[in-house]
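Visitor: sequence-free structure coming up:
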């Protein structure tokens with residue numbers, strides 16, 4: 001049963017890769033409505049959204065990170081402390097050595113880049129709950145300060161509006177202005193799959209980040225794969241735990 005689920009997840013991903021690579025893709029329909037594909041006894045529900053719907057922790061301002069944390073239910077002081085540590089982590093030449101939280105980022109000639117989201121657990125005030133709390137809405141792949149408010153989650157959208165009220169009136173899937181060489185569409189996508197075996201009733205989830213290349217021989221690169229996929233329910237519970245442990 002586990003092998004059937006894995007094969008179905010792979011089949012669903014290959015199908016979506018083909019759709020996203022097609023120059024005739026109806027982007028808005030695919031991105032706004034999950035689709036279900038049946039592979040024998042296994043059904044796979046597939047949801048797609050552009051990666052630019054998330055906040056890139058390597059490029060986002062401290063103010064945006066603070067707003068995201070506060071929208072997750074965390075206290076102002078703790079949110080500010082975590083945001084400062086994320087920025088300091090970016091700027092430290094010795095990753096987790098002498099981080100000077102109060103340093104002005106403009107004084108640094110090099111910026112440390114988080115390679116993976118899991119490195120958030122290595123921050124001074126970081127832990128697995130911080131990673132789980134933020135995971136559905138953060139990324140290290142867009143390399144951009146921009147976030148597409150039209151496809152962002154409510155807490156990201158609210159953070160954008162708090163910093164820039166005009167963000168609330170942006171329309172369209174490309175409001176962040178990040179496009180690829182394939183018909184002016186985003187080239188990075190988050191694919192979340194949920195597979196359920198009708199015989200055994202077991203299920204599995206997986207989230208994959210794809211880069212669409214525009215190359216017919218290799219239409220997509222897999223940048224990351226997480227199984228089980230980040231869960232909104234788990235994120236909400238993790239945020240609540242962070243709030244309840246006296247983070248101030």
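Guide: Here it is on my side, so go on. Everything quoted here is computed from the prediction, not taken from an experiment.
Visitor: When you work out contacts or count neighbours from here on, use the C-alpha atoms and nothing else.
Guide: Will do.
Visitor: Okay, now the unreliable bits of this structure?
Guide: 24-29, 90-112, 167-185, 245-248 (pLDDT under 70).
Visitor: quick one, strands of the chain?
Guide: 35-39, 42-50, 55-56, 138-139, 188-197, 203-212, 220-226 (DSSP state E).
Visitor: For the spatially closest residue to residue 136 that is not a sequence neighbour, grab the count of nearby residues.
Guide: The shortest distance from residue 136 to any non-neighbouring residue, by CA to CA, 6 or more residues apart in numbering, is to residue 230 (5.8 Å). Neighbourhood size, residue 230 [other CA atoms under 10 Å]: 20.
Visitor: ok, now residue 196?
Guide: Count around residue 196 with other CA under 10 Å applied: 22.
Visitor: OK, contacts around it?
Guide: Shown in contact with residue 196 (CA atoms under 8 Å, 6 or more residues apart in numbering): 5, 42, 43, 44, 202, 203, 204.
Visitor: Output the longest helix belonging to this protein.
Guide: helix 2-21 (DSSP state H).
Visitor: Wait, residue 144 touches residue 56, no?
Guide: Yes - counting by CA atoms under 8 Å, residue 144 touches residue 56, with 6.6 Å between them.
Visitor: okay, the two: which has more neighbours?
Guide: residue 56 (24 against 16).
Visitor: quick one, phi psi at the residue of the chain most remote from its centre?
Guide: The centre of the chain is farthest from one residue, residue 199, which by CA atoms, centre = their mean lies 32.5 Å away. Here is the backbone geometry of residue 199 (degrees, to the nearest 10): phi -80, psi -50.
Visitor: Who are the contact partners of it?
Guide: residue 41.
Visitor: ok, now how distant is it from residue 2?
Guide: 12 Å (CA to CA, to the nearest Å).
Visitor: still on that earlier bit, pretty sure the residue nearest to residue 136 is in contact with residue 134, am I right?
Guide: No - at 9.4 Å, residue 230 does not count as touching residue 134 under the criterion of CA under 8 Å.
Visitor: just the helices in the protein please.
Guide: Using DSSP H, helices in the chain cover 2-21, 27-32, 62-71, 76-91, 128-134, 154-163, 232-244.
Visitor: Mind listing residues that contact the first one?
Guide: Okay, so that is helix 2-21. 25, 27, 37, 39, 42-44, 46, 182, 191, 193-197, 203-204, 206, 212-214, 219-220.
Visitor: So what's the gap between it and the chain middle?
Guide: 20 Å (CA atoms, centre = their mean, to the nearest Å).
Visitor: Show me which positions of it end up buried.
Guide: Along helix 2-21, these residues count as buried under the neighbour rule (16 or more other CA atoms under 10 Å): 4, 5, 8, 9, 11, 12, 13, 16, 17, 20, 21.
Visitor: out of those, who's nearest residue 224?
Guide: residue 13 (12.9 Å; CA to CA).
Visitor: how close does residue 219 sit to residue 75?
Guide: Counting by CA to CA, the gap from residue 219 to residue 75 is 44 Å.
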